[in-house]
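Engineer: Pasting a predicted model and its sequence here:
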Amino acid sequence: MKSSRWWQRTLILALLSVSVVAPVFFVYHRLNLSPYARREFQEDISSVTFRTDPLQLNAIGQEGVEELEEPKEVVYKEKDFGSTNSSIQQKINDCEKSKIQGCRNNILERNVSEFNQDTRQDLKAQQKELFSIVEDENIFNTTVTHNQSMHTHSKKTADANVEVKDKKSMPRATQNHQSSRPQPRRVLNQKVLEIKDQIIRARAYLGFASPGSSSRLMKELKLRIKEMERALGTATKDSELSRSALQKMRHMEASLSKADRAFPDCTAMATKLRAMNQKTEGEIRYQQRETTYLVHLAARTTPRGVHCLSMQLTADYFALRPEYRKLPNENKINDPKLHHYVVFSDNVLACAVVVNSTISNAKKQGKLVFHVVTNSLNFPAIWMWFLLNPPGKATVHIQSIENFEWLLKYNTFKEQNSSDPRFTSELNYLRFYLPDIFPTLNKVVLFDHDVVVQQDLSRLWNVNMKGKVNAAVGTCQEGETSFHRMDTFINFSDPFIANRFDVNACTWAFGMNLFDLQQWRRQNLTALYHSYLQMGSERPLLKTGSLPLGWLTFYNKTMILDKRWQILGLGYDSDVDKNQIEWAAVIHFDGIRKPWLDIAMGRYRSYWTKFVEFDHPILQRCNLQA
């Protein structure tokens, strides 16, 4: 009985020995036959593929690091084995050339060290793709134990097998680091985009169900959509997502797989997605129209703080006795040798910024004279502001449009076909009466009240105008934000316009204009303006506003200044070059997003607010802040 057991045990051990030795001998025989046989063996290894379940691997990628107790499986593509085999072959050749026993030991020690280091790195990399390192480690130990009693060539083969296993157990990130090929940068919002796509797909599948459907799949999709929307929240980057969000992605993918099997018709899916896209585009267009309307409404509304400031100043003005209402340096207002700046405005803060910014950058403040023309409603407030805030050595002259009795004979301020006060305000058309408003002056610089002066403007007064009436910054270059062709606002289908004007003529901008009033009077341009205004009221000659009237009136009478004198677009263009803003002598907040409004562009507003004294008591009383 004992002998039979002994024979059985011996037979089992013999079979086990054969099962271990035979593969090793076979591999050694293949490797030593010829270089061709070695290449064939490598190709056999590289042809090995692993069948994986994508859904399962995706689920592995969502696990948290702290929940893993040991390294997981890493799944490689076929291309990963090519570089591994070449490394194995190189090390085997080195060992065969040296014939030194230490080569095997060095490789073994290095592999063990790399194995331990890579195992620690896998704790971070295992969220996406892992392989069974533990299993390979067991095979490694078993192989080394059996090969200790083998011949030297068997030891080399065993070392090669160890090298193969260690290479397989290396993380893909390590192998890519060793490769000389550059790797693409990781997309930071890939998971966020995947979540959004999943929500869209789920809603499309819900659209296939009949109204009021309460099937189990529809309920599941509705639940998944709510979960994903809560998990996504306001996240825009993968780093902002929680681990629970990644876990819910796996659940959503499983639900979508069920829906895909339930609704296999791709044509119907495409039709549904197209309908959803059209509906979304319609909603976007509606929101854009609503936003545009609200922005224009805000632009036409006086902010509460500015209204409060005007009311407080008006009350203070009428509380003063008449003898205390005089502004200094009144004797300079008609001196043609000084530099005269004109502003037409009904906004107290806007006038204050124009005056303050010009004085702050002027080298000779005593030569500056500011003429502010407003309406009777805002006249007391603007007057009181400059009484409380005198402009130093400069002179300020305030006038009301109601005092221009000569203006009544023109009777040109008719109701415009627009609800925008920029086009209907009488102050906007006073620029065409400058010679009548200032009969003793030879030159004036006209400012819009939404400009900020950043440099000394004394050089502007020395510009040779070569007989022109107007000097302005051109908007001639196509592609610039401020570019406008003549036919943008003027009707060139009218024969009168087409025969007298060039549609490709260089246009220019209001905002900062130097006017030679003597040349203006000689050429009687105010009468020319009236003729164009009359024709425009009789037929569709031009669009509403003073700009097209200016283009017609000063056609071939305008000298184009360098664009560094004035930069446009700060009231509507969010991409004005900062360097151009810094270089410009004057910056213009043309557009509806004025710097004193809540809808102003934040990146430009500081250029305007730095000339407002927000610590002034009356501004603090009206809660005006930067």
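Structural biologist: Yep, it's here. Remember, predicted model here, so these are calculated numbers, not experimental data.

Engineer: ok, residue 486 - contacts?
Structural biologist: Contacts here follow C-beta atoms under 8 Å, 6 or more residues apart in numbering; on that basis residue 486 touches 492, 501-505, 507, 551. In short, each C-beta sits where N, CA and C put it, glycine included.

Engineer: now swap in residue 569 and tell me
Structural biologist: The neighbourhood of residue 569, defined by C-beta under 8 Å, 6+ apart, consists of 481-482, 576, 588, 590-591.

Engineer: ok, and the closest non-adjacent residue to it?
Structural biologist: Leaving aside its sequence neighbours, residue 569 sits nearest to residue 481 (C-beta to C-beta, 6 or more residues apart in numbering; 4.5 Å).

Engineer: quick one: the one you found from residue 573, how far?
Structural biologist: To residue 573, residue 481 is 5 Å away according to C-beta to C-beta, to the nearest Å.

Engineer: out of the two, which sits in the busier spot?
Structural biologist: Ranked by neighbour count (other C-beta atoms under 10 Å), residue 481 and residue 573 place residue 573 first, with 16 against 13.

Engineer: I figured the more buried one hits residue 567, correct?
Structural biologist: No - using C-beta atoms under 8 Å, residue 573 makes no contact with residue 567, being 10.1 Å away.

Engineer: Quick one: end-to-end distance for stretch 481-496.
Structural biologist: Taking C-alpha to C-alpha, to the nearest Å, stretch 481-496 runs 29 Å from one end to the other.

Engineer: distance between it and the chain's centre?
Structural biologist: Stretch 481-496 sits 32 Å away from the centroid of its parent chain (C-alpha atoms, centre = their mean, to the nearest Å).

Engineer: What's the first helix or strand after the longest helix anywhere in the chain?
Structural biologist: Across the chain, the helix with the greatest residue count (assigned by DSSP state H) is helix 266-299. Note on helix 266-299: by DSSP states H and E, the next helix or strand toward the C-terminus is helix 304-319.

Engineer: Which element is encountered next along the chain beyond that next one?
Structural biologist: The first helix or strand that comes after helix 304-319 along the chain, using DSSP H and E, is strand 339-344.

Engineer: helices and strands around that following strand, which ones?
Structural biologist: helix 348-361, strand 368-374, strand 443-447 (3 or more C-beta pairs under 8 Å, 6 or more residues apart in numbering; DSSP states H and E).

Engineer: buried stuff in stretch 523-534?
Structural biologist: Using 16 or more other C-beta atoms under 10 Å as the test for burial, stretch 523-534 gives 525-526, 528-529, 532-533.

Engineer: no wait, stretch 304-320
Structural biologist: Applying 16+ other C-beta under 10 Å to stretch 304-320 flags 305-306, 308-310, 312-314, 316-317 as buried.

Engineer: just stretch 404-411 next, same as before
Structural biologist: Of all the residues in stretch 404-411, those buried under the rule 16+ other C-beta under 10 Å are 407, 410.

Engineer: Pull the distance from that stretch to the chain's centre.
Structural biologist: On C-alpha atoms, centre = their mean, the centre of stretch 404-411 falls 51 Å from that of its chain.

Engineer: Which residues does that stretch contact?
Structural biologist: Residues outside stretch 404-411 that contact it (C-beta under 8 Å, 6+ apart): 401, 433, 436-437, 530.

Engineer: which stretches of the protein form strands?
Structural biologist: Using DSSP state E, the strands of the chain run over 339-344, 368-374, 395-400, 443-447, 451-453, 470-473, 512-516, 558-561, 566-567, 586-588.

Engineer: Let's have the contacts of stretch 404-411 in a markdown table, adding distance to residue 247 and pLDDT.
Structural biologist: Formatted as a markdown table, these follow (distance: C-beta to C-beta, whole Å; pLDDT from 0 to 100):
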| residue | distance to residue 247 | pLDDT |
| --- | --- | --- |
| 401 | 70 | 92 |
| 433 | 74 | 95 |
| 436 | 78 | 94 |
| 437 | 74 | 95 |
| 530 | 76 | 93 |
